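J.: just coords:
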């Protein structure tokens, strides 16, 4: 549960029942990892949020104000995730957005996710999800509040030994995991799927693409993924997560995965927790 | 604005900022037209809600409780719309749904939409939307809280003389309007598009299909629509809305439209308001 929540700058646990974020999922969010008072990927989160506000025609976010509020809610937490939600605010009934919306801003701190040292070392077991992501270029890439596909995907399994699910689009192309982006080294090339038609353009993915100039964005078929030499997931909140296996297929954990885990450590994240 | 709101049975204007309805659009809604204490299409709304709860693995709605609460919030309003929202409730961070969710139930009454007498008589001007609806069979048909496509579609125009927009899927097949379903009489056959892959299975549409045994569900291309003899929209809240024109194409208002308007009147709705 959240230790502290600010709604439009005021300490509160509630929002209007008429908020368009609730009525229609009309808004965006970011989940930002803080280590003490430092958020190493803050600027990438704010870049995505700013671009997405423009795409959804939401008023531009006040980044300085968000920073102050994020620091406030995460104060006292050594390791936290700050979720920032921006909605189109309270509106009249009907889909038509107001010409001058008064957005709702929710900033809440949570304890950081616990990922075991063993999982970072030995990799996670991953399954293939049945649901296929729908293609909507006008929404693709954004971290918007319409996330029922991810909820349905994550509801496909309850086995706690399986950490993630791989999502494909309607053409059977691999897109991502349910909560993370996916990278695979295939025939010596580090590839991550395009998120122009579905999926989320993750902040962790953007960091990997920035520090791995050899990485390419392109199509990844399921067959190609199963033949990859190395597979890992990227998550701004959980870092670089090696994939141990996808169904029956077991992968070796490769050098790129280890280099990027080291990069995440150098950024100031100390991801490993527990045994 | 809502005149009265019940949240989990308690008079309140607010919900938890951690509700999954707000975080992920993880829930459903119904907008139900009341005339005094009567809701002629109540049972159809409850049928859709019940089926959708099952599809989203939400606990079954307590229909008797919803009826009591809908009557309570609409008391004193001669003409109202009661919006019922059901969400998966407050949850931990992450997409995984709880095995035993405590749903949030929001019941709110609003003044009924005002549609002019002239519009019912002479029909509405309609445009073709640019956005194409994405195909997601696992969500299609439901009135869920992920409605960003409709928000973007409705944001495409501001001309108040245009009342609605026609939405096509990625193949260019006609699906619906932004807030209503669509029927067209083409070569003597009354057709409404399938909503198995995208779109909402409207309660007004279900009523039309029930009382017009000659109506068929099938594919409607844009060309076929432009060559239709008669086009109307169905909406449980606004009734049978004749289409005067789609872009430059002007339609005559046909006999089926008039018969169904009369049927709506006989159900107990008096839709015409104002001049």
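T.: All right, it came through fine. Note that this is a predicted model, so its numbers are computed, not measured. Numbering: from 1, shown residues only, chains lettered A, B, ... in the order given.
J.: just for chain A, where's the confidence low?
T.: Along chain A, the parts satisfying pLDDT under 70 run over A:1-3, A:271-275.
J.: okay, now the domains of it?
T.: Domain segmentation of chain A under automatic domain parsing yields A:4-111, A:117-267.
J.: by proximity to chain B, which residue of the stretch 151-275 of chain A wins?
T.: Evaluated by C-beta to the nearest C-beta, the stretch 151-275 of chain A has residue A:154 as its residue closest to chain B, separated by 4.0 Å. Every C-beta, even on glycine, is put in place using the N, C-alpha and C of the backbone.
J.: who's in contact with the closest residue to that residue other than its chain neighbours?
T.: Distances taken as C-beta to C-beta, 6 or more residues apart in numbering or on different chains place residue B:95 nearest to residue A:154, at 4.0 Å, with adjacent residues excluded. With C-beta atoms under 8 Å, 6 or more residues apart in numbering or on different chains as the criterion, the residues that contact residue B:95 are A:147, A:150, A:151, A:153, A:154, A:178, A:179, B:24.
J.: with residue A:263 instead?
T.: For residue A:263, the contacting residues are A:211, A:240, by C-beta under 8 Å, 6+ apart.
J.: Three-state assignment for it, please.
T.: Assigned by DSSP: H, G, I helix; E, B strand; the rest coil, the conformation of residue A:263 is helix.
J.: need the domains of chain A in CSV (columns: distance to residue B:41).
T.: As requested, the domains of chain A are exported to CSV (distance: least, C-beta to C-beta, whole Å):
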stretch, distance to residue B:41
domain A:4-111, 17
domain A:117-267, 25
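J.: residues in the stretch 101-250 of chain A within reach of chain B, list them.
T.: Selection of the stretch 101-250 of chain A residues close to chain B by C-beta under 8 Å from any C-beta of the partner chain yields A:106, A:108, A:110, A:113, A:131, A:134-136, A:138-139, A:144-155, A:158, A:170, A:178-179, A:198.
J.: sort out for me which of these are in strands.
T.: For these, the ones inside strands are A:106, A:108, A:110, A:131, with DSSP state E as the criterion.
J.: what helix or strand is the closest residue to the first one other than its chain neighbours located in?
T.: Think residue A:106. The shortest distance from residue A:106 to any non-neighbouring residue, by C-beta to C-beta, 6+ apart, is to residue A:85 (4.2 Å). For residue A:85, the enclosing helix or strand under DSSP states H and E is strand A:79-87.
J.: so how far is that strand from its chain's centroid?
T.: Between the mean C-alpha location of strand A:79-87 and the chain-wide mean there is a distance of 12 Å, by C-alpha atoms, centre = their mean, to the nearest Å.
J.: can I get the ones in strands among the residues of the stretch 101-250 of chain A next to chain B in TSV with distance to residue A:202 and neighbour count?
T.: Output for those, formatted as TSV (distance: C-beta to C-beta, whole Å; neighbours: other C-beta atoms under 10 Å in any protein chain shown):
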residue	distance to residue A:202	neighbour count
A:106	21	26
A:108	20	26
A:110	18	23
A:131	19	22
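J.: could those residues be laid out in a markdown table, adding distance to residue B:127?
T.: Converted to a markdown table, those look like this (distance: C-beta to C-beta, whole Å):
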| residue | distance to residue B:127 |
| --- | --- |
| A:106 | 35 |
| A:108 | 40 |
| A:110 | 44 |
| A:131 | 33 |
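J.: if we can go back for a sec, for the strand holding residue A:85, which helices and strands make contact with it?
T.: Counting contacts by 3 or more C-beta pairs under 8 Å, 6 or more residues apart in numbering or on different chains; DSSP states H and E, strand A:79-87 packs against helix A:20-24, strand A:27-35, helix A:42-55, helix A:63-74, strand A:104-111, helix B:20-24.
J.: let's see 7 Å
T.: In this structure, strand A:79-87 packs against helix A:20-24, strand A:27-35, helix A:63-74, strand A:104-111, with contacts taken as 3 or more C-beta pairs under 7 Å, 6 or more residues apart in numbering or on different chains; DSSP states H and E.
J.: that strand: partners in the sheet, and parallel or antiparallel?
T.: Sheet partners assigned to strand A:79-87 using DSSP bridges are listed as strand A:27-35 (antiparallel), strand A:104-111 (antiparallel).
J.: what comes into contact with that strand?
T.: Outside strand A:79-87, the residues that touch it by C-beta atoms under 7 Å, 6 or more residues apart in numbering or on different chains are A:19-21, A:26-35, A:53, A:58, A:61, A:66, A:70, A:73-74, A:103-113, A:237.
J.: since that was my last question, I'll sign off now.
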